[in-house]
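Asker: sequence? don't have it. structure:
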């Protein structure tokens, strides 16, 4: 198979993937925009195996105008505890560049701890251990509270770690080096 055929196959694959993702997104948006009460009543009348009763939050009145998306947001919205609220207010007092620098330092310190443990307790080489420590540090950083509230920095560190692993794999395939 020549280069053009492989390129065409990849382009068609990603085009189909993009069309499927757009269709799923639009179907979800249309579903979440439906009125909640009338949709749930219709599902009860037809005796559907799945109804929307599990989305109804306790202690909240649902009027006729509420959509499925609004009810789901009320149901799955996590209440913020006092510690998170205080930590958020304290972190907002810091300038943005210090918050970013602190977040990077926390991520790198977790990655360094994983790097040290991988090198001490396994036979991994430095590059592979560094790639795995970036990934493990990003996963730990994703689930811990940090100076920047939100998921943007957490996702950025995960994307960096996965990108580094992908680049390492691409480089090793290109050079013909086997990675354990």
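Answerer: Nice, thanks for sending it over. Computed from a predicted structure; not experimentally measured.

Asker: what about the spatially closest residue to residue 107 that is not a sequence neighbour, which helix or strand?
Answerer: Distances taken as Cβ to Cβ, 6 or more residues apart in numbering place residue 141 nearest to residue 107, at 4.8 Å, with adjacent residues excluded. Heads up, the C-betas are built off the backbone N, CA and C, glycines and all. Residue 141 belongs to helix 126-143 when assigned by DSSP states H and E.

Asker: what's the residue closest to the geometric middle of this protein?
Answerer: Closest to where the C-alpha atoms of the chain average out (Cα atoms, centre = their mean) is residue 155, at 6.0 Å.

Asker: what sits against it?
Answerer: Counting by Cβ atoms under 8 Å, 6 or more residues apart in numbering, residue 155 touches residue 142.

Asker: What's the per-residue pLDDT of it here?
Answerer: Residue 155 is assigned 89 on the pLDDT scale.

Asker: what comes up buried for the helix-or-strand element of the chain with minimal mean pLDDT?
Answerer: Within the chain, confidence by mean pLDDT, DSSP states H and E is lowest for helix 82-93 among all helices and strands, at a mean of 77. The neighbour-count check on helix 82-93 (16 or more other Cβ atoms under 10 Å) flags 87, 91 as buried.

Asker: if we can go back for a sec, assumed the residue nearest to the centre of the chain was part of a helix.
Answerer: Yes: judged by DSSP: H, G, I helix; E, B strand; the rest coil, residue 155 forms part of a helix.

Asker: Pull up the gap between it and residue 142, please.
Answerer: 8 Å (Cβ to Cβ, to the nearest Å).

Asker: Next: residue 56.
Answerer: For residue 56 relative to residue 142 (Cβ to Cβ), the value is 30 Å.

Asker: again, but for residue 72
Answerer: Taken as Cβ to Cβ, the span from residue 72 to residue 142 is 23 Å.

Asker: Same check on residue 11?
Answerer: Distance from residue 11 to residue 142, by Cβ to Cβ: 32 Å.

Asker: Between these two, tell me which one has more neighbours.
Answerer: residue 142 (15 against 10; other Cβ atoms under 10 Å).

Asker: The more buried one against residue 158, yeah?
Answerer: Yes: assessed by Cβ atoms under 8 Å, residue 142 is found in contact with residue 158 at 6.1 Å.

Asker: just checking, the residue nearest to residue 107 touches residue 110?
Answerer: Yes: the pair residue 141 / residue 110 is scored as a contact, 5.8 Å apart, by Cβ under 8 Å.

Asker: Check which helices and strands the helix or strand containing residue 29 sits against.
Answerer: According to DSSP H and E, residue 29 maps onto helix 3-32. Contact analysis of helix 3-32 by 3 or more Cβ pairs under 8 Å, 6 or more residues apart in numbering; DSSP states H and E lists helix 68-76 as its packing neighbours.
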